[in-house]
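**Student:** Let me see the structure of the following:
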Amino acid sequence: MHLTENSRKLTNLRVSYSSDFNEKHFVQDVIRQWNIGAKEFTLTTSGSTGTPKEIQLSRKLLIWSCEQTFSSLQLSKSNGQYSTLCCLPVRKTGGFMQLIRALHFDWHIHFINPSANPSEELKEYASHFDLSSFTPNQMQKILAADKALLSPQTAILIGGAHIPDTLEHKLIAYAKGTKTDIWETYGMTETASHIALRKIGTDQYFKPQHGVDVSLDDNQLCIAIPALTIFIKTNDIASLHSGGFEILGRSDDVINSGGIKIHPSLVEPQIKELLVSSGIDRAFYMTKKKDTELGEKAVLVVEGVPITDTVHLLEMLKRELPLYHNPKEIIFIDQVTYTDTGKVRRVAID
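**Tutor:** Numbers count the residues shown, from 1 in each chain. The predicted model follows:
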């Protein structure tokens, strides 16, 4: 186990790494910057909706985020030193904030190289973690490999992308009878990770953390943190409820087809069920394509070799999906690509 250089501020901080972890220098640099009191840290956005951009995060915001997470998860400071796991890219928000939480609270943190399936690394380092963070794709792979790998976890954060209904059902089934709390997160680089949480199996909607106000502007979610003088109008289409809010999709992804606005994230779960029932279990996404008659039309992009009877498949989707929400064309590609945080890189078709 690697012990960080001693610091008057962080006398209890312990850092350990898997043998092949390749971001030690970055981690050590962040620790050094934190210890000398750096006021700003720079991260790069995921680039899921365009070119990645650099974002400056203030130390004040990072500490605020740490404290709100600690409070929302109802962690207790009387339980001694916590241990946290980071198997996300440490240069991106989710992994970076695991490191910042460890720094702020003097926790132990263990790093493993990010991968789509961290199951083998979890087996190798079988240990209790009070707080772990995964993407939905990672959770899918862990549950499929060995759900017992999750049993040592006290609290699990899932973020970076939307949790599909099929995964949520598996998570609810797993969590029953265990002491593991599983939370879906909502946030972005600009807010230093999540500003709202949804407890799987308990909450229907995201609940903003203390000190966060949400509103809508042209159906797009707006986030205000008055104590930090932060106001952000997001690209997320949302609806507000007495118990919180839900995300319907991104304004960038909306397909305006003949005046009908199609939100891919709402239609894709239904498409997934229909494809699987037809024996097609592949990665896919819905996107837009310019159309002379409709302006834009919905197109289904599917990974893998072309299916012979696409006409029958399109007819089935038209019959089963909500009126005017069916894809008009199917395009096959070699591979669906994802961002470092697990979001599908949607590409509009020219």
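**Student:** how many other residues sit next to the nearest residue to Leu88 once chain neighbours are set aside?
**Tutor:** Using CB to CB, 6 or more residues apart in numbering and skipping the chain neighbours, the partner closest in space to Leu88 is Gly95 (3.6 Å). In this view, the C-beta of every residue, glycine as well, is placed from N, C-alpha and C. Neighbour count for Gly95, taken as other CB atoms under 10 Å: 23.
**Student:** Can you spell out which helices and strands pack onto the longest strand along the chain?
**Tutor:** Looking across the chain with DSSP state E, the single longest strand is strand 230-241. Contact partners of strand 230-241 among helices and strands, from 3 or more CB pairs under 8 Å, 6 or more residues apart in numbering; DSSP states H and E: strand 213-217, strand 220-225, strand 244-250.
**Student:** Could you pull out the buried residues of stretch 209-221?
**Tutor:** For stretch 209-221, burial by neighbour count (16 or more other CB atoms under 10 Å) applies to Gln209, Val212, Val214, Leu221.
**Student:** ok, the closest residue to the second one other than its chain neighbours - contacts?
**Tutor:** Residue nearest to Val212 in three dimensions, not counting chain neighbours: Ile195, with 4.8 Å by CB to CB, 6+ apart. Under the criterion of CB atoms under 8 Å, 6 or more residues apart in numbering, the contact list for Ile195 reads Gln68, Tyr186, Gly187, Pro208, Gln209, Val212, Ile223, Ile225.
**Student:** Pull the contacting residues for the last one.
**Tutor:** The neighbours of Ile225, taking CB under 8 Å, 6+ apart as the test, are Trp64, Thr191, Ile195, Gly211, Val212, Asp213, Phe231.
**Student:** Identify the bridge partners of it.
**Tutor:** Ile230 (DSSP bridges).
**Student:** I'd like the distance between it and Thr191.
**Tutor:** 7 Å (CB to CB, to the nearest Å).
**Student:** Nearest to Ile307 among the contacts of Ile195?
**Tutor:** Tyr186 (35.1 Å; CB to CB).
**Student:** which SSE is that closest one in?
**Tutor:** Assigned by DSSP states H and E, Tyr186 belongs to strand 181-188.
**Student:** ok, now Lys261?
**Tutor:** If you go by DSSP H and E, Lys261 is part of strand 260-262.
**Student:** does Leu122 really touch Lys141, like I thought?
**Tutor:** No - with contact defined as CB atoms under 8 Å, Leu122 does not reach Lys141; the gap is 10.4 Å.
**Student:** you'd agree the residue nearest to Val212 is in a helix?
**Tutor:** No - the assignment for Ile195, made by DSSP: H, G, I helix; E, B strand; the rest coil, is strand rather than a helix.
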